[in-house]
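Q: This is the structure alone, sequence omitted:
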């Protein structure tokens, strides 16, 4: 089994690469999906968020109002750190549990830990490769505005909240350049996956 990390900037194309690899047989451990699970109503993280941020962070069905919470923590590093202290350890534990299950059932698997904030959350340990999906900041901005239907100032602020994509590339062991068309990205992704599968 080989365990790698997949990350990139917002709207850089990481989800596209993960989908290609999933079709090729990779086992994707999705940090965003797990983060949604750990804050589901009744979960310990849900209770901790409710207790810290107050009942107004809940929607009528008791789920966390993620857009509202995002706005609160986005411009407040102190609040963001508090939220991360609640969520990140629980996400990390569930990710490790998923990896352990894969190890038992598929010992030759290519396991991809899909973590948008891989560097920011300090979850780079134990990874055979760190793969960054790259798109230049101007293209990220264009894609983010189109994808999320937000204004340019909001899109710029979201990009600025992450580690710059160039810095992520400097820390990567493998870079997939997603600044061209989809076929170019697919060719790179298939080659990287083939190389990883040989090592599994």
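A: Noted; the coordinates are in hand. Please read these numbers as outputs of a predicted model, since none were measured by experiment.
Q: so what's residue 7 closest to, chain neighbours aside?
A: Nearest residue to residue 7 in three dimensions, chain neighbours excluded: residue 118, at 3.8 Å (Cβ to Cβ, 6 or more residues apart in numbering). C-beta here means a position set from N, CA and C on the backbone, and glycine is covered the same way.
Q: Report the contact partners of the one you found.
A: Contacts here follow Cβ atoms under 8 Å, 6 or more residues apart in numbering; on that basis residue 118 touches 5-7, 124, 130.
Q: how does it look with 7 Å?
A: 5, 7, 124, 130 (Cβ atoms under 7 Å, 6 or more residues apart in numbering).
Q: What is the subsequent helix or strand relative to the helix or strand encompassing the first one?
A: Taking DSSP states H and E as the definition, residue 5 sits inside strand 2-8. Where DSSP H and E defines the elements, the next helix or strand beyond strand 2-8 is helix 14-24.
Q: What is that following helix packed up against?
A: Packed against helix 14-24 by the contact rule (3 or more Cβ pairs under 7 Å, 6 or more residues apart in numbering; DSSP states H and E) you find strand 2-8, strand 27-30, strand 110-114, helix 182-199.
Q: Can you list the neighbours in contact with that helix?
A: By Cβ under 7 Å, 6+ apart, helix 14-24 touches 6-8, 28, 112, 114, 116, 133, 176, 178, 185-186, 189-190, 193.
Q: If we use 10 Å, what do you get?
A: With contact meaning Cβ atoms under 10 Å, 6 or more residues apart in numbering, helix 14-24 is reached by 4, 6-8, 26-28, 30, 32, 110, 112, 114-116, 118, 131-135, 176, 178, 182, 185-186, 188-190, 192-194, 196-197.
Q: Show the buried residues in those residues.
A: Neighbour counting with 16 or more other Cβ atoms under 10 Å marks 4, 6-8, 26-28, 30, 110, 112, 114-116, 118, 131-135, 176, 178, 185, 188-189, 192-193, 196-197 as buried within the contacts of helix 14-24.
Q: Check the offset of the strand holding residue 5 from the chain's centre.
A: 10 Å (Cα atoms, centre = their mean, to the nearest Å).
Q: And for stretch 155-171?
A: 13 Å.
Q: what's the answer for stretch 91-102, then?
A: Computed by Cα atoms, centre = their mean, the chain-centroid distance of stretch 91-102 equals 15 Å.
Q: While we're on the residue positioned nearest the centre of the chain, how confident is the model there?
A: The centroid of the chain falls nearest to residue 116 when counting by Cα atoms, centre = their mean (2.4 Å). As predicted, residue 116 sits at a pLDDT of 90.
Q: Quick one: classify it as helix, strand or coil.
A: coil (DSSP: H, G, I helix; E, B strand; the rest coil).
Q: Go through the helices and strands packed on helix 14-24 and name the closest to residue 146.
A: helix 182-199 (15.0 Å; Cβ to Cβ).
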